[in-house]
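Predicted coordinates and the sequence they were generated for:
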Amino acid sequence: PTFNPLRDVLSGIIMAATSVPQLIAYAETVGYAGYRGLSTAGPSLFAWGLTTGSPFMNSGVTSITALMAKTDLDGDQYVTEHGEEEYVKLVAAYSLYVGIASIVLAVVGFGKLAQSVPKPVRTGFKWGCAGGVLVSAL
């Protein structure tokens with residue numbers, strides 16, 4: 001795509017505005033206070049924009065990672081025992097490990113294997129993930 005400053009800035013503003021509720025929801029899904037979702041989004045999105053150069057972004061993995069973190073780390077119990085600040089550190093480490101695992105899977109060619117999964121199975125997985133996010137928000 002060609003660079004159009006007005007269009008690109010407007011797109012960025014719209015993207016930022018529509019991301020606010022999503023960022024708060026992800027933070028609350030994990031078990032954080034909602035403001036933490038807002039305070040952590042800026043630097044990571046800025047770094048992504050500088051390093052990829054791609055006009056396309058898919059943050060769908062974020063909601064699944066949030067659910068996994070809350071479930072795997074027993075968020076409510078951990079916060080009760082250790083406090084939210086310690087839980088933030090634990091989730092940060094967990095997220096880093098998920099990111100490293102994703103990079104390793106990409107390097108070894110897992111994407112090619114994933115493409116061989118039949119479309120109805122991939123569609124069912126996506127709908128299952130969406131249902132899980134919806135149920136956790138209720």
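That came through fine. Numbering: from 1, shown residues only.

name the helices or strands packed onto the helix or strand containing Glu81?
Glu81 is part of helix 75-82, with elements assigned from DSSP states H and E. Judged by 3 or more C-beta pairs under 8 Å, 6 or more residues apart in numbering; DSSP states H and E, the packing partners of helix 75-82 are helix 84-107. C-beta coordinates here come from the backbone N, C-alpha and C atoms, glycine included.

Compute the mean per-residue pLDDT across the helix or strand following the helix it packs on, please.
Using DSSP H and E, the helix or strand that follows helix 84-107 in sequence is helix 110-115. Helix 110-115 shows a mean pLDDT of 80.

which stretches of this structure aren't confidently modelled?
1, 49, 52-63, 133, 136-138 (pLDDT under 70).

Counting residues, which helix of it comes out longest?
Longest helix of the chain, by residue count under DSSP state H: helix 5-30.

ok, and for that one, which residues are buried?
Ser19, Leu23, Ile24, Ala25, Tyr26, Ala27, Glu28, Thr29, Val30 (16 or more other C-beta atoms under 10 Å).

give the contact list for the last one.
Contact criterion C-beta atoms under 8 Å, 6 or more residues apart in numbering gives Ala66, Ala69, Lys70, Gly75, Val91 as the residues in contact with Val30.

Quick one: which of these is the most crowded by neighbours?
Neighbour tally across these (other C-beta atoms under 10 Å): the maximum, 24 neighbours, falls on Ala66.

Does that residue touch Ile24 like I think?
No. Here Ala66 does not reach Ile24: they are 11.7 Å apart, not a contact under C-beta atoms under 8 Å.

quick revisit: just flag the most distant two among the contacts of Val30.
Ala66 and Gly75 (9.8 Å; C-beta to C-beta).

circling back: after the longest helix of the chain, which helix or strand is next?
helix 34-52.

Quick one: work out the angle between that following helix and helix 5-30.
Relative orientation of helix 34-52 and helix 5-30, computed by axes from the mean of the first three to the mean of the last three C-alpha atoms, to 10 degrees: 130 degrees.

so who does the nearest residue to Val91 once chain neighbours are set aside touch?
Excluding the flanking residues, the one nearest Val91 by C-beta to C-beta, 6 or more residues apart in numbering is Ala69, at 5.1 Å. Counting by C-beta under 8 Å, 6+ apart, Ala69 touches Val30, Gly75, Val91, Tyr94, Ser95.
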